[in-house]
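In: Provided below for reference: sequence and predicted model.
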Amino acid sequence: MLRRTSLVVWLFIGFSTFIASLAAYVGYTYHTTRQAIMDDIDTRLLYAAKSAQLIVGNDFHNQLENIEQYQFQSLSAKLTELSEALGVEYVYTMIYDSPYVRFTSSSFTKEDLENGRVTQFLDPYLEATVINKGAFRSTEPVFEVSEDQWGYFKTILVPFVSADGTIYLAGADITIDNVQRQLRSSVAKATLTASFFFFISLLVAGLYLLLYRKAMTSDTRTGFANRIALERDLAKNQNQHLSLAIVWVSELEDIISFYGASIGDQVIQRVMRHFSEFTYPYPVYRLATSKLVIMCDTDKGEHYLNNLIREFPSSHPVINSPHLYIQLCAGIASGNKALLLDNAYVACRQAKQQNKTVCMYTTNNQEAKQQQASHLAMANTLQNAFEHNRIVAYFTPRFDVQKNQITQHICTARVINEQGAILNADMYQKVVTRSRMEGKMTHNILTQCVTRFRKTNTAWSLKLSYQDATDPQLIDFINQELRRYPQPALVTFEFDEQAVLNNFNSMATCINGLKSKGVKILINDVSSGLLTVSRVMKLNIDAIKLDESISAHMHRDDQVFEFISHLAKLCSDRDIRLIVGAVQDETQFQRFIDAGVSMMQGRYIGKATPHIKTDSRNLTH
């Protein structure tokens, strides 16, 4: 309904624009044509009047009392020839003999001869107007449009003065009855021309829209329908219950990266042509680089699509030059067309995760869909928290065994939702990672910590991810803050062991850069064997922290105790501090001291809080 209304509105706007443009064009044509015609008439009249004065002569009006009839007739004949040659109605001369205007010479027409209306010498001009009489006092040519019993005329009256001072007018008349006919003809031609070009432009626009629509709804690489066409066809389809399959060509992206895009296009085209033979009247749609969509509206269409996908000849090469084999993975959904695409996505993802050829969307898939909705809601909550400054820092204390007191606080983020509840990090950490918000979160907490501890002697620690370490803008911000920080040695940055081992060279460079600013470096969640730990210890670091899954079992497992004791000695020899977590009670606390660890954290030491206790309690041992 909305699209139909929009189309009507655009048609009305287009038609109104055409009418307005047509009226403007016709009006412009009318006025320019009329002006051209009248300018031509004025030129002819002026030329005729001046020519009449030359024929009559300047001394003619000095001797009007001596003019004979034959002289007047001869002069009239010459003026008649002039009027016929110039295409004007009459040319003449006249004087003002108050109260009359009298002709002193005049041309005539055939009708005048036939009707006996030939003007005679000094005949009074009884139709003389005020403008006509006023022309005798003018110094410039005077134009007048008048009407009499013979029609509409335009007249020019040019004043002259004879040698004896007699003022006379040389005039010419031209009928303008045909001007309106010319103008009507011009307007008709302009209307036809404008309409012709309008309909030509309408035709061109229609063809362009058809081509544009085809281009918008076609995949440029394969020529098949694309996602826009799919969404349009789903919206237009009157059948509320369809079956739809998203087919993923598993190896296509690898093929493209290895052989190039043109070979990848040949592969996907071959697959799409194969399915298009079985899905008529529905086309095959290219949804993404390696995904396509097939549909049907038959009874139990999901089973038909399932068989169709499973019967794809995967054992034969999809193309022969080069020989390439592919495997398909698909998700199928049926039912309400409004949910088809989303449900098929869920089923396709499940098929990929479970390494199946086809997965049907069922009510069991609702959990995955609900999880997607939960992730989206959490992403919105996080964005809202950033916008309204609801990201707050919490501080977890670390106990120094040698100093027998809390000497450092771990800074972590907490999110406060719209209802004021504090969200646990486990609730949003995956969303932060997947949404690439880590850098934004680190920037926020770092700013809070720098502001809070700049003028104190508090030692604090902040975890950085690999994405943080490789973000040049964030590293530049950290360097700027450290240059202004009074005691950078009180700041510790933590990195996960796995991130360091997976990206050893780049992480070593980042660690050296941070160390040059005076901060300390801690490797977190260490869970590898001694050989790998020895490699980590070769980095320019100050401390390592064992993974809590190891330290949690130390007091019950002598082998773990021996491992931690040996590791503590290795760290001590290299001037590296060994930190453990998950210290839950007095027994664990004493056991870790016996093992020789440097620092501890956990519930027994203290929970994360938004405030730092100034009266840090000592733990005797």
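Out: Received the coordinates, thanks. For clarity, every value in this text was computed on a predicted model and none was experimentally measured.

In: Quick check: residue 561 touching residue 595?
Out: Yes: counting by CB atoms under 8 Å, residue 561 does reach residue 595; the two are 6.0 Å apart. (C-beta placed from N, C-alpha, C; glycine too.)

In: Overlap of the contact sets of those two?
Out: residue 554 (CB atoms under 8 Å, 6 or more residues apart in numbering).

In: between those two, which one's more packed in?
Out: residue 595 (22 against 17; other CB atoms under 10 Å).

In: The more buried one: what's it in contact with?
Out: Contacts of residue 595 by CB under 8 Å, 6+ apart are 554, 561, 564-565, 568.

In: Report how far apart the opening and closing residues of stretch 425-441 are.
Out: 12 Å (CA to CA, to the nearest Å).

In: quick one: that stretch to chain centroid distance?
Out: Averaging C-alpha positions (CA atoms, centre = their mean, to the nearest Å) puts stretch 425-441 28 Å from its chain's average.

In: just stretch 31-41 next, same as before
Out: 50 Å.

In: Ok, stretch 333-349 next?
Out: 29 Å.

In: Mean confidence (pLDDT) on that stretch, please.
Out: Taken as a whole, stretch 333-349 carries a mean pLDDT of 87.

In: So, low pLDDT: which residues of the stretch 51-200 of the chain?
Out: 148-151, 179-180, 183 (pLDDT under 70).

In: just the strands in it please.
Out: 90-97, 100-106, 142-148, 151-161, 167-175 (DSSP state E, counting those that start in this stretch).

In: Of the contacts of residue 595 - the most surrounded one?
Out: Busiest of the contacts of residue 595 [other CB under 10 Å] is residue 554, holding 25 neighbours.

In: Report the separation between it and residue 397.
Out: 20 Å (CB to CB, to the nearest Å).

In: Report how many residues lie close to residue 439.
Out: Number of residues near residue 439 (other CB under 10 Å) recorded here: 19.

In: helix, strand or coil for it?
Out: What DSSP: H, G, I helix; E, B strand; the rest coil gives for residue 439 is helix.

In: Hmm, it is touching residue 466, no?
Out: No: the criterion here is CB under 8 Å, and residue 439 misses it with residue 466 at 11.1 Å.

In: what sits against the nearest residue to residue 296 once chain neighbours are set aside?
Out: Counting by CB to CB, 6 or more residues apart in numbering, the nearest residue to residue 296 once its immediate chain neighbours are dropped is residue 243, at 5.4 Å. Neighbouring residues of residue 243 by CB under 8 Å, 6+ apart: 295-298, 301-302, 304-305, 332-334.

In: cool, residue 527 as well?
Out: 497, 546-547, 549-550.

In: Any of those residues buried? List them.
Out: Buried subset of those (neighbour count, 16 or more other CB atoms under 10 Å): 497, 546-547, 550.

In: which among these gets closest to residue 540?
Out: Using CB to CB, residue 497 is the member of those that lies nearest residue 540, at 15.4 Å.

In: Disregarding residues adjacent in the polypeptide, which is nearest to the closest one?
Out: Nearest to residue 497 is residue 526, by CB to CB, 6+ apart, at 4.8 Å.

In: top helix in the chain by residue count?
Out: When the chain is parsed with DSSP state H, its longest helix is helix 2-56.

In: which strands and helices sit next to it?
Out: On a contact count with 3 or more CB pairs under 8 Å, 6 or more residues apart in numbering; DSSP states H and E, helix 2-56 meets helix 69-86, strand 90-97, strand 100-106, strand 151-161, strand 167-175, helix 177-216.

In: what angle separates the second one from strand 167-175?
Out: Angular relation of strand 90-97 and strand 167-175 on a 0 to 180 degree scale: 140 degrees, by axes from the mean of the first three to the mean of the last three CA atoms, to 10 degrees.

In: how near is the residue nearest to the spatial centre of the chain to residue 290?
Out: With distances taken as CA atoms, centre = their mean, residue 216 lies nearest the centre of the chain, 15.0 Å away. Taking CB to CB as the measure, residue 216 falls 22 Å from residue 290.

In: And for residue 598?
Out: Residue 598 is 51 Å from residue 290, by CB to CB.

In: same check, this time on residue 490
Out: For residue 490, the distance to residue 290 - CB to CB - is 51 Å.
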